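Visitor: need coordinates for the following:
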Amino acid sequence: TSLASVLAVDYGSDWIKASLMKPGVPFDVLLNKDSKRKIQSCVAWKKDERLFGSDATSIASSFPQDSFSSLKYIQGAPYNSDIVTHFTSISTAQISETDRKTVALKQSDGTEWGTEELIAMQVSYVKKLAEELAGESVNEVILTVPPYFSQFERDSVVDAIEIAGLKTLALVNDGIATVDYAMARTFSTTPEYHIIYDVGVSSTRATVVSFTVAKM
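Guide: Coordinates of the predicted model:
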């Protein structure tokens, strides 16, 4: 039997980074179609064409009601919450309340999308990039979430992953997603303590981690 490929996604407010874990393929950050190591967290429509990443961002000024970004702010958030009020101050998107008391976003033609659906489109786009590299279907994903996310917000993330056609292997707190940092370093049996700073668009967090070689 062959081992399946696994997608790892760091989904941020403004940027997405992803890696493919597959036997025989070097572990590295996925490149987008422009050979960039990160993808802007944006989905947009130009008439009937759906665009992602930098293509979506580039038309935001021309099609502001059909461009959706910074969706992480409102993922699973109650419609009447302060974070949704903040989102309306930084976004031109028209929003409405769903039956679940969360946020839906409306295109210029009146089409409404749940936040989870729009995020799922972005995850599906990353899935496609991973499959092009893997040469096979990618069906499982590990995705980062802020440590303060409530269970409802985490369930919203899992919903988006499922809509994208993937199975959630794990949700990892983004402050401890330090695998890439540790991969290129060697450690001894004496613990080493490091502070990892995660400086993002919407927040900055510091995490103290200990690295050591396990004694056999």
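Visitor: isn't residue 31 up against residue 39?
Guide: No. Between residue 31 and residue 39 there is no contact under C-beta atoms under 8 Å: 9.3 Å. From N, CA and C alone the C-beta is placed, and that goes for glycine too.
Visitor: these two: which has the busier surroundings?
Guide: residue 39 (26 against 14; other C-beta atoms under 10 Å).
Visitor: contacting residues around the more buried one?
Guide: By C-beta atoms under 8 Å, 6 or more residues apart in numbering, the residues touching residue 39 are 15, 16, 17, 18, 32, 52, 53, 54, 122, 125, 126.
Visitor: list only those of these flagged as buried.
Guide: Burial by neighbour count, 16 or more other C-beta atoms under 10 Å: within those this picks out 15, 16, 17, 18, 32, 52, 53, 122, 125, 126.
Visitor: among those residues, which are located in helices?
Guide: 53, 122, 125, 126 (DSSP state H).
Visitor: ok so, going back, can you tell me which two in the contacts of residue 39 are farthest apart?
Guide: 18 and 54 (15.2 Å; C-beta to C-beta).
Visitor: quick revisit: and the contacts of residue 39 as TSV, adding distance to residue 4 and pLDDT?
Guide: Formatted as TSV, the contacts of residue 39 follow (distance: C-beta to C-beta, whole Å; pLDDT from 0 to 100):
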residue	distance to residue 4	pLDDT
15	27	92
16	22	93
17	21	90
18	16	92
32	23	79
52	25	95
53	26	92
54	30	92
122	22	97
125	20	95
126	17	95
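Visitor: now the residues you listed as CSV including distance to residue 43?
Guide: Listed next are these as CSV, based on distance: C-beta to C-beta, whole Å:
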residue, distance to residue 43
15, 14
16, 11
17, 17
18, 15
32, 14
52, 6
53, 9
54, 12
122, 6
125, 8
126, 12
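Visitor: for this structure, which segments count as strands?
Guide: Per DSSP state E, the chain carries strands over the ranges 6-11, 15-21, 39-40, 42-46, 49-52, 67-69, 94-97, 103-106, 112-114, 140-145, 167-173, 192-199, 204-211.
Visitor: what packs against the second one?
Guide: Going back to what we said before, that points to strand 15-21. strand 6-11, strand 39-40, helix 115-134 (3 or more C-beta pairs under 8 Å, 6 or more residues apart in numbering; DSSP states H and E).
Visitor: which positions within the longest one qualify as buried?
Guide: Spelled out, it's helix 115-134. Buried residues in helix 115-134 (16+ other C-beta under 10 Å): 115-127, 129-131, 134.
Visitor: residues in a beta bridge with residue 104, which ones?
Guide: For residue 104, the beta-bridge partners are residue 96, residue 114 (DSSP bridges).
Visitor: related to what we said a few turns ago, out of the helices and strands packed on strand 15-21, flag the one nearest residue 74.
Guide: Short answer: helix 115-134, nearest of these by C-beta to C-beta, at 5.4 Å.
Visitor: pLDDT weak spots in the chain?
Guide: 1-3, 175-184, 200-202, 216 (pLDDT under 70).
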